[in-house]
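# need a 3D model of the sequence below.
(4 chains)
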2 protein chains.
Amino acid sequence: MSLPHAILTALLEKPSSGLELTRRFDKSIGYFWSATHQQIYRELGKLEAEGFIRTLPAEQPARGQKKSYEVLPAGRAELARWTAAAQDPKTMRDPLLLRLRAAAVVGTEGLESDLSRHLELHRRQLAKYREIEERDFPPDRDAPQDRLRHLVLRAGIDLETFWTQWLTHALTEFGELPGADGNGSGADDAR
Amino acid sequence: MSLPHAILTALLEKPSSGLELTRRFDKSIGYFWSATHQQIYRELGKLEAEGFIRTLPAEQPARGQKKSYEVLPAGRAELARWTAAAQDPKTMRDPLLLRLRAAAVVGTEGLESDLSRHLELHRRQLAKYREIEERDFPPDRDAPQDRLRHLVLRAGIDLETFWTQWLTHALTEFGELPGADGNGSGADDAR
DNA sequence: ACTCTTTATGCAACTAGTTGCACAACCGCC
DNA sequence: GGCGGTTGTGCAACTAGTTGCATAAAGAGT
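Residues are numbered from 1 along each chain as shown, chains lettered A, B, ... in the order given. Predicted structure coming up:
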């Protein structure tokens, strides 16, 4: 149940239309909660029906016309409630680790190149985050909001750093593996 | 499309019944691809229909009777294909980071205790992983399968380490934040 | 014999996220 | 004044995962 709250947060930061939200998700909030434009439009409809947001009075036309939303007090209250409520950590799901585990059974053939590709992607993302950090969080500023946002960005940076390191390490291991096993026969006994 | 392949991997490691698989997911594969027993039963049905697995001949009775599955050659081939195929990294989704970002707007009230709770959970998980590492990967063994499985476990360990560190840091920051803001009024301008 | 718990399998309904496409208005331009 | 791209909104169908419950057999206790 995170998407509506991601949208409320974004709208509190700045009232926007559906498409503007989509764009902002692509380059900011979406770094840790991605969403497509269809999800966003659908959710905006629901949030409006529930009385958490409303369209800005300015215009309110038909299809193909911009329609901006702002958060109502009830929406802010709901967001505060959700933020403070206890939530269990997500059950982790990572296909890449799964593939490595599978590779231990059926062989590593073909996996290496995709690992390299992922490494490259994570490096790029890391560079992007670092750029944002430099631009938005110079060493001196430290209003509470900035501290919190910086903390979130640091999580992104450190996670990407972790992945680049881990992938680098994995690729090294691959290099040292006895060449071309390809069938991984004798696997047994779960762990 | 990862669950069927997670199941194929588990079954290749050791043929099992639905419930056995569920248990093994809870304490091994599930660490990076969790699944409920319903998902597993449903998927076993599909995999059998597609000819990737079959029930072990021994018994084949009705409800309430154990039914074990093994992987057929087609299933192994499918798993190898999937493992080697290029896949884009998952779009990241983390409610906790989202909540922190929301807290920058609506205030941090009530969030701190849940952060502590998460910290404790991650510490526990880390301890569990370390235990497994000690038990299953003594310094000397290094058959290729072990190297790969160890690599996966290291990812788990390093990720949990990252989260404990980050949460510790976050809680420190919370302590230093100017007391009780609670409304976070002047937030504007997305980043 | 009979109830209670555990083991084991499974259906049905629901929620969340994704993909593919439709459609309206506006903007420039030639 | 009509043509083609961009902006903006949205429906419908699909896939994946979750929740709640039903059912059946086997063993354990009394």
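
# ok, longest helix in chain A?
helix A:144-176 (DSSP state H).

# the strands in chain A, which residues?
A:16-17, A:53-55, A:68-71 (DSSP state E).

# per-residue pLDDT, the residue nearest the centre of chain A?
Geometric centre of chain A, nearest residue: residue A:32, 2.3 Å, by Cα atoms, centre = their mean. For residue A:32, the pLDDT comes out at 90.

# quick check: closest non-adjacent residue to it.
residue B:97 (4.3 Å; Cβ to Cβ, 6 or more residues apart in numbering or on different chains). Yep, even glycine has a C-beta here, placed from its N, CA and C like the rest.

# list the contacts of that neighbour.
A:32, A:33, A:152, A:155, A:156 (Cβ atoms under 8 Å, 6 or more residues apart in numbering or on different chains).

# now those in TSV, with distance to residue A:121?
Formatted as TSV, those follow (distance: Cβ to Cβ, whole Å):
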residue	distance to residue A:121
A:32	16
A:33	19
A:152	20
A:155	18
A:156	14
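
# closest one to DNA strand C out of the residues you listed, please.
residue A:33 (7.8 Å; Cβ to the nearest atom of the strand).

# wait, the closest one sits on residue A:4?
No - taking contacts as Cβ atoms under 8 Å, residue A:33 lies outside contact range of residue A:4: 10.9 Å.

# neighbour count winner among these two?
residue A:33 (22 against 19; other Cβ atoms under 10 Å in any protein chain shown).

# number of nearby residues for residue A:37?
Close neighbours of residue A:37, defined as other Cβ under 10 Å, add up to 14.

# which residue, neighbours along the chain excluded, lies closest to it?
Per Cβ to Cβ, 6+ apart, closest to residue A:37 is residue A:22, 4.2 Å.

# residue contacts, that neighbour?
Counting by Cβ under 8 Å, 6+ apart, the residues that residue A:22 touches are A:35, A:36, A:37, A:40.

# rewinding a little: retrieve the pLDDT associated with the residue nearest to residue A:32.
95.

# distance check, the residue nearest to residue A:153 when sequence neighbours are not counted against residue B:126.
Excluding the flanking residues, the one nearest residue A:153 by Cβ to Cβ, 6+ apart is residue A:133, at 5.8 Å. As judged by Cβ to Cβ, to the nearest Å, residue A:133 and residue B:126 stand 27 Å apart.

# in chain A, what spans have low per-residue confidence?
Along chain A, the model assigns pLDDT under 70 to residues A:57-65, A:141, A:178-191.

# close to DNA strand D: what parts of it are there?
A:17-20, A:37-38, A:41-42, A:44-45, A:63-68, A:91, A:93 (Cβ under 7 Å from any atom of the strand).

# domains for chain A, by residue range?
A:3-83, A:95-176 (automatic domain parsing).

# got a markdown table for these, with distance to residue B:170 too?
Shown next, in a markdown table, are those (distance: least, Cβ to Cβ, whole Å):
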| stretch | distance to residue B:170 |
| --- | --- |
| domain A:3-83 | 14 |
| domain A:95-176 | 6 |
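
# could you dump those domains into a markdown table and include distance to DNA strand C?
Formatted as a markdown table, the domains of chain A follow (distance: least, Cβ to the nearest atom of the strand, whole Å):
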| stretch | distance to DNA strand C |
| --- | --- |
| domain A:3-83 | 3 |
| domain A:95-176 | 13 |
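
# quick check: chain neighbours aside, which residue is closest to residue A:70?
residue A:15 is the one closest to residue A:70 (Cβ to Cβ, 6+ apart), at 4.1 Å.

# tell me which residues touch the one you found, please.
Here residue A:15 is in contact with A:56, A:68, A:69, A:70, A:71 (criterion: Cβ under 8 Å, 6+ apart).
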